[in-house]
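Novice: With the sequence up front, the predicted model follows.
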Amino acid sequence: MQRGSRRYTPAIASDDAPLVAQARSGDARALEALLRAHQGRLFAVCRRLTGSDADAADALQDALIAVVRGLPRFDGRSSFATWSYRIAVNASLDELRARSRRPRPEEAAGEAAVAADRADGVAERLDVDAALLQLAPDFRAAVVLRDVCQLDYAEIAEVLEVPPGTVRSRIARGRATLVALLAGHPEPVGAP
Amino acid sequence: MTVLDPHLDAEALSAAVDGPVDDCTRAHLATCPACRRQLRVWTDALSSVTAEARGDRLRADDAERILAVALGAAALAAPPATGGGRHSPATGAGQPSPTANPGKEAPAATPDAAPAELPAGPELPGRAAPILGPARAARRWRGPLTAVAVGAAAAAVVAVAVVGLRAGSGGSATSSAASAGLPSAARASGGSGSSHSAASSKGAARSAVPGLPADLGLVTGRQALQDDLRSALGPRPEPSAASLRQTSSSGSSSSSPSGSPSRTSGRSSAVEACSTVAGHLARSATGGLRASATLAYEGRPAEVYVFAVGDAWRAWVLGRDCATLAAARF
């Protein structure tokens, strides 16, 4: 019946507690292991929120520095994964704000060329990156955490520090816009 | 789904994409081909997002470098081992510190030891003295000292002019006084003659790549940074840069001891912060650190570290808290 539905697998593992405890107590090897274990998924968040590898790397670096500096104050009320996701999202949004303030002539030219190529295309379908970047940051973060990181709604609410109803609304509206962009429709698909 | 619009709305479609749906939605989907088609469009589009994101991979050299920076920050955040803090024995003296390459020998034994040995050591070819306390002090006092220098120069010009009128000599004194009063000279030197000479001597060894000054001065924006560095560094680095590294290594070894920051020397934590980070960067697997320089990036005191990554330059600007203020690849 639900031929369109997808099943999500739990994204946040809960077995970080020993490593986190060791890292908090000053065990440098545990800290390194912890960072290595989470570096990839944090990069995925940064990558899809910033839309470029270089900016994602910068955001990830800031996020990891914030993680190691904030670890002594991490009280364990949320999971380490949720907490680090929150830091990565904030770092990515900061990076986006910083990017908007600085000129990037070389990349702007490259993006213009890509845009021209797209305009010449018959289907005129935007790629995933371009479509995601057209979403408002709040919607983009919610969609990325759901469809890229595969967090559930409660986890996303915790990461974004908003009520679950707001998460549901942001994901729905963000997805509607995203699907419309990916499908080449001028209006969001299924939007009320 | 409303009275006016009988089809599923965005929230209902989104919920249907996520999994089990309520009876109302299920019943509607059973009888509405348009909504079933719409649901397929949503599922396909969002699956493409998920599938593309699975291919996201951080480049190995970036991953190591980012990890090295974070671990460098962690080493700074940790309390001194000598103070009998909350370090476990595993991180105490004599134990290897975390590095980006667990298999390699770690030069820094403790968080405290790391900053002290950063500037020296043949394992950092091309590494110049990382962050110099005197250089920072010179920048801090640049403004007041410049004002004093300009005032002194003006006074000297007047005095020499008076003496020259009386004795008919003093041209050389006039020129030296005038040059001392030049804003550019004051800017490079911090405003005093002794600082200028010290900064110049350190700068010569500080820059591993010929042409990169010790202090880039005020730089605003990533593009300006990139332009300044590109003009100073010249063409893209050669992939095999052994000769350059040897040259720069011999150049930096002479001044390294004097530029070695340590916790006991009374330098600021910001100095140690960036030194430690730079040390971790240089020890990382792909850290071909070539040069470093001080600058005021968008008005904030900072250090720029230039790496040769493949055939491109990669520059990182670290602020006082060793956070990245800017990064450039060119």
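Specialist: Everything's here; your move.

Novice: Could you measure from B:Asp228 over to chain A?
Specialist: According to C-beta to the nearest C-beta, to the nearest Å, B:Asp228 and chain A sit 15 Å apart. (C-beta placed from N, C-alpha, C; glycine too.)

Novice: tell me the contacts of that residue?
Specialist: By C-beta atoms under 8 Å, 6 or more residues apart in numbering or on different chains, the residues touching B:Asp228 are B:Leu216, B:Val219.

Novice: which SS class is it?
Specialist: Using DSSP: H, G, I helix; E, B strand; the rest coil, the three-state assignment for B:Asp228 comes out as helix.

Novice: Distance check, it against B:Asp62.
Specialist: Separation of B:Asp228 from B:Asp62 (C-beta to C-beta, to the nearest Å): 23 Å.

Novice: Buried ones in stretch A:92-102, by neighbour count?
Specialist: A:Ser92, A:Leu93, A:Glu95, A:Leu96, A:Ala98, A:Arg99 (16 or more other C-beta atoms under 10 Å in any protein chain shown).

Novice: TSV please, covering those and showing distance to B:Ala74, pLDDT and secondary structure.
Specialist: Below are the buried residues of stretch A:92-102 laid out as TSV (distance: C-beta to C-beta, whole Å; pLDDT from 0 to 100; DSSP: H, G, I helix; E, B strand; the rest coil):
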residue	distance to B:Ala74	pLDDT	secondary structure
A:Ser92	21	93	helix
A:Leu93	24	91	helix
A:Glu95	21	89	helix
A:Leu96	26	87	helix
A:Ala98	24	83	helix
A:Arg99	27	79	helix
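
Novice: can you redo those residues as a markdown table with distance to chain B?
Specialist: Output for the buried residues of stretch A:92-102, formatted as a markdown table (distance: C-beta to the nearest C-beta, whole Å):
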| residue | distance to chain B |
| --- | --- |
| A:Ser92 | 13 |
| A:Leu93 | 16 |
| A:Glu95 | 10 |
| A:Leu96 | 15 |
| A:Ala98 | 9 |
| A:Arg99 | 9 |
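
Novice: starting at the chain centroid, how far to the helix or strand where A:Ala180 lies?
Specialist: In the assignment (DSSP states H and E), A:Ala180 maps to helix A:164-183. The chain centre lies 14 Å from the centre of helix A:164-183; the measure is C-alpha atoms, centre = their mean, to the nearest Å.

Novice: With stretch A:138-157 instead?
Specialist: 8 Å.

Novice: what's the helix holding A:Ala180 packed up against?
Specialist: helix A:128-133, helix A:137-143, helix A:153-160, helix B:10-18, helix B:33-54 (3 or more C-beta pairs under 8 Å, 6 or more residues apart in numbering or on different chains; DSSP states H and E).

Novice: do you know which of the ones you listed lies nearest A:Gly70?
Specialist: Nearest to A:Gly70, of all the helices and strands packed on helix A:164-183, is helix A:153-160, at 14.8 Å by C-beta to C-beta.

Novice: what comes up buried for the closest one?
Specialist: Taking 16+ other C-beta under 10 Å as the criterion, helix A:153-160 shows A:Tyr153, A:Glu155, A:Ile156, A:Ala157, A:Glu158, A:Val159, A:Leu160 as buried.

Novice: Ok, stretch B:296-316 next?
Specialist: B:296-298, B:301-309, B:313-316.

Novice: Could you give me the buried positions within the helix holding A:Ala180?
Specialist: A:167-183.

Novice: what does the average pLDDT come to for that helix?
Specialist: On average, the pLDDT along helix A:164-183 is 92.

Novice: Tell me where the model's unsure across chain A.
Specialist: A:1-14, A:102-126, A:185-192 (pLDDT under 70).

Novice: so where do the helices sit in it?
Specialist: For chain A, the helices defined by DSSP state H cover A:17-24, A:28-50, A:53-70, A:80-101, A:105-120, A:128-133, A:137-143, A:153-160, A:164-183.

Novice: Need those helices in TSV (columns: distance to B:Leu29).
Specialist: As requested, the helices of chain A are exported to TSV (distance: least, C-beta to C-beta, whole Å):
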stretch	distance to B:Leu29
helix A:17-24	42
helix A:28-50	29
helix A:53-70	38
helix A:80-101	33
helix A:105-120	34
helix A:128-133	26
helix A:137-143	23
helix A:153-160	21
helix A:164-183	17
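
Novice: Of all these, which one is nearest B:Gln38?
Specialist: helix A:164-183 (9.0 Å).

Novice: okay, the angle between the closest one and helix B:33-54?
Specialist: With axes from the mean of the first three to the mean of the last three C-alpha atoms, to 10 degrees defining the directions, helix A:164-183 sits at 90 degrees from helix B:33-54.
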